[in-house]
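Colleague: Dropping a prediction and its sequence here:
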Amino acid sequence: MSVQELITDHLDLWTGAVTKKASSGRGRNGKIELTGVQKLRELILELAVRGKLVDQNPNDEPARMLLDEIDKDKAKLTRLGKLKKPKKYPQVSEEDHPFIIPSSWAWERMHRVFHKITDGTHRSPPNTESGDFLYVSAKNIKPEGVQLEGITYVTKSIHEEIYGRCNPEPEDLLYIKDGATTGIAAINNLDEPFSMLSSVALLKPHRELLSNKFLLYCLRAPFFYQEMRAGMTGVAITRVTLKKLNLALIPVPPIKEQHRIVQKVDELMALCDRLEQQTGDKLEAHETLVDTLLGTLTESENATELADNWARLAAHFDTLFSTEQSIDKLKQTILQLAVMGRLVEQDAGDESASELLDSITTEREELVKSGKMRPPKIPAKTDLQLSPPYPAPHNWSWARLGELFAIVTDGDHQAPPKSEEGVPFLVIGNLNTGRIDFAGCKYVNESYYSRLDWSRKPTNGDLLYTVTGSYGIPIKVLTSKAFCVQRHVAILRATASTPRDYVKLVLESEYGQSYAEEIATGIAQKTVPLTGLRKMPISLPPQAEQYRIVQKVDELIALCDQLKERLNQANETRSQLAEAAVDKALCQGNLHASIR
């Protein structure tokens, strides 16, 4: 089987195996990662370094002779004082070989293959946004080469001190060996000299006897990446040591075969690029179609138009909702329809929402009379009936969020005393999944908790709401366990009549998320101010309709979750099949890349 056949015969695996990239902050819709195509790229590199990508030519000079020539050249440069006398490292035995390679190839340690393996300065020198010489660190090293965005500079004297030991030249190899991005390798694309930090290793190959691009593909191959990552040392920052790089094994083919391999890898990677582009375009078009059709639902002007638009969408349901993003968008549309009064029918016999507001007002006044709380400042709502954020059914009432709760406050603004045990003290990290997670939480002592105001002790049925950093996440308290929260968490203290579940839907909806984004302040870290949160307009249905809405939303979200679970299982199966195809290809010793 050729690599071309491997790609075309398993096209559905390479393009269908996708995963959702992890997202940080409050982003709910992460980008798609084409894991199948990534697996294909890794397979191509692995086949390349195993000698299974192109045919061997018996007339090629064996790699052993090439290595002898490199030894002679290094000895000459050492005599001339251009290279230091090399350290002695153990020779390669057959037991050391990671896998079988062609007989004309040779396994060798990198200290013998490269003329020089070193790294940049271990003392971070003064660097500024302008100066005499470029100062390169790991953040500037990308697969395509050295990127100058965010580059800093050092003085000439500092550069000369660093460059005397680590002198990157055009076409040398650069390898990130420290930190989270360890394993990124690139060819130096800069003509001008520059200084480097120790997080980047410099590898100088013999320009005539070795292909720097083949060596680059060796450094990027899965076998080498896994070996380096597995042996990283350090605590705060893990790293690959220079000694480990010198001792690392790489396969060396005859020089002519190196060039044939590079040509074939470049050809196949270009094919992967086209495949990735086509798949990406298809996913983007699919996303646009989903956005358009879901948009027709929320923009429907009446029940008849909504029913027609839903029928159009339902006819292509399986095709439309085939990615995690599309299912997440369907969930958002369900929530938006719910808060706009278009998810369930209105019943003329329902008690009006104004009756519910009166009950909440009475319960709040009783709490004030009992001395549990001071009279809260309730935001005025005179403008809501005249210019509501969106149209709502005629039997609904507009209210401010602050009207629906006893009080809207936040955690204590004073840093609490630390304790190894006592009452849990929850921070954003314990809440940003949308549920309360006590695992790994901090604690405060009992005396601190007892001194807290009644309103700052969340209880079963209250709502919490993240207001800083990962802001905009509502959490319903479903525990009677005592706990308190940091100041970056709002406490929406409920009364007996507070429509907690319905308000939570509003806060989770597209309207609720957009409102939070509009009022959030700050630059480095956004914060939703409590004054703005209390003023949030809420379209309030009659209580009986609220129950119907919450029940319908729960049913539909559960169906979405089931759909997503089946999708994830299918993606997992495709990923496993892609892995199996890779394993099978690696086991076939006669696999070549002759593209017919």
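Modeller: In hand now; what should we look at? All figures in this text were calculated on a predicted structure; none of them were measured in a lab.
Colleague: quick one, strands of the stretch 1-150 of the chain?
Modeller: Applying DSSP state E, counting those that start in this stretch to the stretch 1-150 of the chain gives strands spanning 19-20, 32-33, 106-109, 114-119, 133-136, 141-142, 145-146.
Colleague: Report the mean per-residue pLDDT for the helix or strand that the last one is followed by.
Modeller: Yep, that's strand 145-146 we're talking about. Counting by DSSP states H and E, the element after strand 145-146 in chain order, helix or strand, is strand 152-154. Mean pLDDT, strand 152-154: 96.
Colleague: So for His413, which of the strands of the stretch 1-150 of the chain sits nearest?
Modeller: Closest of these to His413 is strand 19-20, at 36.8 Å (criterion: C-beta to C-beta). For the C-beta atoms, the positions are set from N, CA and C on the backbone; glycine is no exception.
Colleague: Quick check: which ranges of the stretch 301-450 of the chain have low pLDDT?
Modeller: Where the stretch 301-450 of the chain drops to pLDDT under 70, the residues are 303, 380-386.
Colleague: rewinding a little: CSV please, covering the strands of the stretch 1-150 of the chain and showing mean pLDDT, mean neighbour count and distance to Tyr502.
Modeller: Below are those laid out as CSV (pLDDT from 0 to 100; neighbours: other C-beta atoms under 10 Å; distance: least, C-beta to C-beta, whole Å):
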stretch, mean pLDDT, mean neighbour count, distance to Tyr502
strand 19-20, 65, 16, 29
strand 32-33, 66, 16, 33
strand 106-109, 96, 19, 67
strand 114-119, 94, 20, 59
strand 133-136, 96, 22, 55
strand 141-142, 96, 18, 48
strand 145-146, 96, 17, 55
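Colleague: Out of those, the one nearest Val49 is which?
Modeller: strand 106-109 (10.9 Å).
Colleague: who's in contact with the closest one?
Modeller: By C-beta atoms under 8 Å, 6 or more residues apart in numbering, the residues outside strand 106-109 that reach it are 62-64, 67, 89, 92, 96-98, 101, 246-252.
Colleague: which of these are buried?
Modeller: For the contacts of strand 106-109, a burial check counting by 16 or more other C-beta atoms under 10 Å picks out Pro62, Ala63, Leu67, Ile101, Asn246, Leu247, Ala248, Leu249, Ile250, Pro251, Val252.
Colleague: Show the contacting residues for Tyr449.
Modeller: Taking C-beta under 8 Å, 6+ apart as the definition of contact, the neighbours of Tyr449 are Gly422, Val423, Lys457, Ala482, Cys484.
Colleague: ok, the nearest residue to the fourth one once chain neighbours are set aside - contacts?
Modeller: Just to be clear, that refers to Ala482. For Ala482, ignoring the flanking residues on the chain, the nearest one in space by C-beta to C-beta, 6 or more residues apart in numbering is Val423 at 5.4 Å. By C-beta under 8 Å, 6+ apart, Val423 lies in contact with Tyr443, Val444, Asn445, Glu446, Tyr448, Tyr449, Ala482, Phe483, Cys484.
Colleague: go with 10 Å
Modeller: For Val423, the contacting residues are 416, 441-450, 452, 457, 481-484, by C-beta atoms under 10 Å, 6 or more residues apart in numbering.
Colleague: Give the buried subset of those as a ChimeraX selection command.
Modeller: Buried residues within those, by 16+ other C-beta under 10 Å, are selected in ChimeraX with:
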select :416,442,443,444,448,449,457,483,484
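Colleague: Just the ones of the contacts of Val423 in strands?
Modeller: Among the contacts of Val423, DSSP state E puts Lys442, Tyr443, Val444, Cys484 in strands.
Colleague: could those go into TSV alongside distance to Arg260?
Modeller: Formatted as TSV, the ones in strands among the contacts of Val423 follow (distance: C-beta to C-beta, whole Å):
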residue	distance to Arg260
Lys442	60
Tyr443	64
Val444	67
Cys484	67
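Colleague: who's in contact with His122?
Modeller: Counting by C-beta under 10 Å, 6+ apart, His122 makes contact with Leu197, Ser198, Ser199.
Colleague: could you redo the last one with a cut-off of 7 Å?
Modeller: Residues in contact with His122 (C-beta atoms under 7 Å, 6 or more residues apart in numbering) are Ser198.
Colleague: Can you pull the domain assignment for this protein?
Modeller: 1-60+259-351+543-596, 61-253, 375-541 (automatic domain parsing).
Colleague: which SSE is the nearest residue to Glu69 once chain neighbours are set aside in?
Modeller: The shortest distance from Glu69 to any non-neighbouring residue, by C-beta to C-beta, 6+ apart, is to Leu209 (5.5 Å). Using DSSP H and E, Leu209 sits in no helix or strand.
Colleague: any idea how far Thr238 is from Leu247?
Modeller: Distance, Leu247 to Thr238, by C-beta to C-beta, to the nearest Å: 18 Å.
Colleague: before we move on, what about Thr298?
Modeller: Distance, Thr298 to Thr238, by C-beta to C-beta: 48 Å.
Colleague: Gly164 too?
Modeller: Going from Gly164 to Thr238 by C-beta to C-beta gives 28 Å.
Colleague: Please apply the same query to Ser370.
Modeller: Counting by C-beta to C-beta, the gap from Ser370 to Thr238 is 57 Å.
Colleague: More neighbours: which of the two?
Modeller: Between Ser370 and Thr238, counted using other C-beta atoms under 10 Å, Thr238 has the larger neighbour count: 15 against 9.
Colleague: what's the more buried one in contact with, if anything?
Modeller: Neighbouring residues of Thr238 by C-beta under 7 Å, 6+ apart: Met232.
Colleague: Then Leu249?
Modeller: Shown in contact with Leu249 (C-beta under 7 Å, 6+ apart): Val92, Asp96, Pro98, Trp107, Arg109.
Colleague: just these now: which is nearest Pro389?
Modeller: Using C-beta to C-beta, Pro98 comes nearest to Pro389 of the contacts of Leu249, at 62.6 Å.
Colleague: What are the buried residues along stretch 432-441?
Modeller: Asn432, Ile436.
Colleague: State the distance spanning the first to the last residue of stretch 144-162.
Modeller: Start to finish, the residues bounding stretch 144-162 are 24 Å apart (C-alpha to C-alpha, to the nearest Å).
Colleague: Flag every buried residue along that stretch.
Modeller: Buried-residue list, stretch 144-162, by 16+ other C-beta under 10 Å: Val146, Ile151, Thr152, Tyr153, Val154, Thr155, Ile158, His159, Ile162.
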